[in-house]
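>>> predicted model and sequence follow; I will ask about them next.
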Amino acid sequence: MILLNPRQHGRAYPDERSREVMLRTIAFFERKGKRRLKADDHARVWYADFLEFVKQEGIFATICTPTGYGGPEARWDTWRICEFAEILAFYGLQYWYTWQVSVLGLGPIWMSRNEPVKRRAAQQLRDGGIFAFGLSEKEHGADVYSTEMTLSPTGEGTYSARGRKYYIGNANQAALVSTFGKLQGTDDYVFFVVDPGHEKYECVQNIVNSQNFVAEFALHDYPLTEADVLAKGDDAWNAALNTVNIGKFNLGWASIGICTHAFYEAINHAASRRLYGMHVTDFPHVKRMFVDAYVRLVAMKLVALRAADYMRVASPDDRRYLLYNPIVKMKVTTQGEEVIDLLWNVVAAKGFEKDMYFEMATRDIRALPKLEGTVHVNIALIVKFMPSYFFAADDSLNVLPEVPRRDDAANDDFLFAQGPARGLGSIRFHDYRKSLASWDLPNVALLAEQIEVFREMLATVPPDEAQRKDVDFLLAGGELFALVVYAQLILENARIYGIEPALVDQIFDVLVRDFSRHAVELHGRRASNESQMAFALRMIRKPVEDAARYDRVWNEMVLPLRDAYEMSP
């Protein structure tokens, strides 16, 4: 079973320590139980118990320390990190969040050439420390070009930092805050570390109403030396963007964890409830919503796992992950919203009840597409890859080798040596059409037809200069492109994980409908011209229906999840 089930967590791990980390984390939450979990959420209790558990078990030290800086079992292993992220979010986004922002805070440290700070951070992880990423500011948000945090020289190798940061998780109790700013009087960026315990560091407020502490903090002429500086100039800029590549990827895994727990709760409720003389799960519209939610969730996980494979094999000569990564950040998280909406339409008022995990899920699933500067930021990024993806495929095995499943115990060295965050247009991809052609399934073939119409439109009537500057227009086209990449990754991983053809075709039933919906949106954009509108209409298809396939997915894959998992009370 590809979905997480803590009651039957028999997954194979490449080493005993990885298995131990996952099982002990699951055991911690099951001992805590749902009543206490929900009570802490409602009372906005700082999760000191979880952080103490992490400290005692050395969990962050194991999974967040690259090889060479920690114990023999410590490594930065993306597959293991994804697994851990999924488990944390399964029990609550708040637990995922304190770990997630620690990952972001550690990124610039592990990327730097400042060995003393690296050793210091490794020891702080062993001591149970958490970390923070001081990037965004109140007035500028994700526009890091406009950062106002300033580092001013004050003498031989000394500096004074002044400015504010906003929306910074863990900044109340972080061991170190990796802080982004500019050198005074220049356009040079700089990354440096500060200690929240210093008298010149002011934790102004928690800006959210939750268990998390998402801080506004201020530096008031905070004194620093070169020993506190992580990077300057282009290196600092690259560290900011490359850290986002590593850390924000986990947004997709948070969505997967949340949706999985919510799915169990929803089907347990619906399958045990009778209305109008029949089980709720016997209503045709309820079956459809559960099937759609299930296949969307399986697709989310297949895509995120496959994107992780490409991250783990990345090198200066293979940077395909720079497309697949924002697909996870944008597409997997927005699919998570759709899954929760489908389930919520089944459980209805039950989804508001205070003792349900679902109540947390409906709130928290909305955050994830928005924690990366909103969907349009990622679409603006991925559309840069469209020309090379569609029209410059390179299948030379010497350049683009086939990527296997990468769940081995290895340190992902390249993630902290990604190099310059530019040259996206020069990245080459293998031909996505081979993935589509490798499955002889009706709805895969239908989607392939839709994609070819889209590709023909791009070749025949590509966006003109005005349309390229129109973000609203690009969003519509970007959604179509994202769906192409999404489908490619699903098909690659469905083969690797041995997903049954019936389930694959049912997934593509949903994707065909989604592609048609996005084509309608493109048609309706104010900036669309007559030729593009005609192409958009040609993209619309109805999926191939197969009652036997649908019934098999429902009876053999979805309905058996009834009572498969319920959290300890």
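Cool, got the structure.
>>> which other residues reach the helix or strand hosting residue 451?
If you go by DSSP states H and E, residue 451 is part of helix 442-460. The contact list for helix 442-460 (Cβ atoms under 8 Å, 6 or more residues apart in numbering) reads 386, 390-391, 432-433, 436-437, 480-481, 484, 487, 491, 504-506, 508-509, 511-512, 515-516, 519, 531-532, 535-536, 538-539, 541, 543-544, 546. Where you see a C-beta, it was placed from the backbone N, CA and C, and this is true even at glycine.
>>> give the other helices and strands that whichever helix or strand comes after it contacts.
Going down the chain from helix 442-460, the next helix or strand is helix 465-468, by DSSP H and E. Contact partners of helix 465-468 among helices and strands, from 3 or more Cβ pairs under 8 Å, 6 or more residues apart in numbering; DSSP states H and E: helix 471-496.
>>> now the helix it packs on against helix 442-460, angle please.
Orientation of helix 471-496 against helix 442-460 (axes from the mean of the first three to the mean of the last three Cα atoms, to 10 degrees) gives an angle of 140 degrees.
>>> quick one: buried residues of helix 471-496?
473-494 (16 or more other Cβ atoms under 10 Å).
>>> so for that helix, mean pLDDT?
For helix 471-496, mean pLDDT rounds to 96.
>>> that helix packs against which elements?
helix 284-312, helix 321-327, helix 375-382, helix 386-391, helix 432-437, helix 442-460, helix 465-468, helix 501-524.
>>> now those helices in JSON lines, with mean neighbour count?
Output for the helices and strands packed on helix 471-496, formatted as JSON lines (neighbours: other Cβ atoms under 10 Å):
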{"stretch": "helix 284-312", "mean neighbour count": "22"}
{"stretch": "helix 321-327", "mean neighbour count": "25"}
{"stretch": "helix 375-382", "mean neighbour count": "19"}
{"stretch": "helix 386-391", "mean neighbour count": "17"}
{"stretch": "helix 432-437", "mean neighbour count": "17"}
{"stretch": "helix 442-460", "mean neighbour count": "19"}
{"stretch": "helix 465-468", "mean neighbour count": "12"}
{"stretch": "helix 501-524", "mean neighbour count": "21"}
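>>> columns distance to residue 84 and mean pLDDT on top of the ones you listed, output as a markdown table?
Rendered in a markdown table, the data for the helices and strands packed on helix 471-496 read as follows (distance: least, Cβ to Cβ, whole Å; pLDDT from 0 to 100):
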| stretch | distance to residue 84 | mean pLDDT |
| --- | --- | --- |
| helix 284-312 | 12 | 98 |
| helix 321-327 | 18 | 95 |
| helix 375-382 | 23 | 81 |
| helix 386-391 | 31 | 94 |
| helix 432-437 | 29 | 95 |
| helix 442-460 | 33 | 98 |
| helix 465-468 | 40 | 92 |
| helix 501-524 | 26 | 98 |
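>>> can you redo the ones you listed as TSV with distance to residue 207?
As requested, the helices and strands packed on helix 471-496 are exported to TSV (distance: least, Cβ to Cβ, whole Å):
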stretch	distance to residue 207
helix 284-312	29
helix 321-327	26
helix 375-382	20
helix 386-391	37
helix 432-437	42
helix 442-460	41
helix 465-468	35
helix 501-524	34
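>>> residue 169 is nearest to which of those helices?
Closest approach to residue 169 among the helices and strands packed on helix 471-496 (Cβ to Cβ): helix 375-382, 18.5 Å.
>>> off-centre distance for that closest one?
Computed by Cα atoms, centre = their mean, to the nearest Å, the chain-centroid distance of helix 375-382 equals 14 Å.
>>> hmm, residue 435 is touching residue 486, no?
No - judged on Cβ atoms under 8 Å, residue 435 makes no contact with residue 486 at a distance of 11.2 Å.
>>> worst-scoring helix or strand of the protein, pLDDT-wise?
helix 375-382 (a mean of 81; mean pLDDT, DSSP states H and E).
>>> point out where this protein drops to low pLDDT.
Within the chain, the stretches with pLDDT under 70 are 372-374, 394-399.
>>> just the strands from it, written as ranges.
With DSSP state E as the criterion, the chain has strands at 131-134, 150-155, 158-169, 176-183, 189-194, 201-206, 214-225, 229-232, 274-275, 278-279.
>>> single out the most deeply packed of those.
Highest mean neighbour count of these: strand 131-134, a mean of 30 (counted as mean count of other Cβ atoms under 10 Å).
>>> what strands line up against that strand, and which way round?
Take DSSP bridges as the rule and strand 131-134 pairs in its sheet with strand 176-183 (parallel).
>>> output the strand it pairs with as PDB, nothing but the C-alphas.
Listed next in PDB are the C-alpha coordinates belonging to strand 176-183 (Å, rounded to 0.1, in the frame of the first residue of the first chain):
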ATOM      1  CA  LEU A 176      20.700  30.100  15.400                       C
ATOM      2  CA  VAL A 177      18.800  32.300  12.900                       C
ATOM      3  CA  SER A 178      20.300  32.300   9.400                       C
ATOM      4  CA  THR A 179      19.600  35.900   8.400                       C
ATOM      5  CA  PHE A 180      19.600  37.500   4.900                       C
ATOM      6  CA  GLY A 181      20.400  41.100   4.300                       C
ATOM      7  CA  LYS A 182      22.600  43.600   2.300                       C
ATOM      8  CA  LEU A 183      26.000  45.100   3.000                       C
END
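>>> is it true that residue 476 touches residue 525?
Yes - counting by Cβ under 8 Å, residue 476 touches residue 525, with 5.2 Å between them.
>>> next, count neighbours for the closest residue to residue 173 other than its chain neighbours.
Counting by Cβ to Cβ, 6 or more residues apart in numbering, the nearest residue to residue 173 once its immediate chain neighbours are dropped is residue 130, at 6.4 Å. Summarising burial for residue 130: neighbours were counted as other Cβ atoms under 10 Å, giving 25.
>>> residue 130 against residue 176, yeah?
No - using Cβ under 8 Å, residue 130 is not in contact with residue 176; the gap is 9.5 Å.
>>> which residues touch residue 33?
Counting by Cβ under 8 Å, 6+ apart, residue 33 makes contact with 567-569.
>>> in stretch 61-70, what's buried?
Those buried within stretch 61-70 under the rule 16+ other Cβ under 10 Å are 61-66, 69-70.
>>> endpoints of it, how far apart?
Separation of the first and last residues of stretch 61-70 by Cα to Cα, to the nearest Å is 7 Å.
>>> quick check: phi and psi at the residue nearest to residue 173.
phi -120, psi 170 (degrees, to the nearest 10).
>>> distance-wise, check it relative to residue 155.
The gap separating residue 130 from residue 155 is 33 Å, by Cβ to Cβ, to the nearest Å.
>>> try residue 356
59 Å.
>>> ditto for residue 119
Counting by Cβ to Cβ, the gap between residue 119 and residue 155 amounts to 26 Å.
>>> just residue 339 next, same as before
Residue 339 sits 56 Å away from residue 155, going by Cβ to Cβ.
>>> residue 406: which of the helices and strands packed on helix 471-496 is closest?
Here helix 284-312 is closest among those (Cβ to Cβ), at 4.1 Å.
>>> quick one: that closest one to chain centroid distance?
Using Cα atoms, centre = their mean, the offset of helix 284-312 from its chain centre is 14 Å.
>>> packing partners of it?
helix 78-91, helix 250-271, helix 321-327, helix 333-347, helix 471-496, helix 501-524.
>>> buried stuff in stretch 42-61?
Buried residues in stretch 42-61 (16+ other Cβ under 10 Å): 46-47, 50-51, 53-55, 57-61.
>>> and the contacts of it?
21, 24-25, 28, 32, 39-40, 70-71, 74, 84, 94-95, 98-99, 102, 122, 125-130, 209-211, 213, 354.
>>> at 6 Å what do you get?
21, 24, 28, 70, 95, 125-126, 128, 210-211 (Cβ atoms under 6 Å, 6 or more residues apart in numbering).
>>> if anything else comes up later, I'll come back, but that's it for now.
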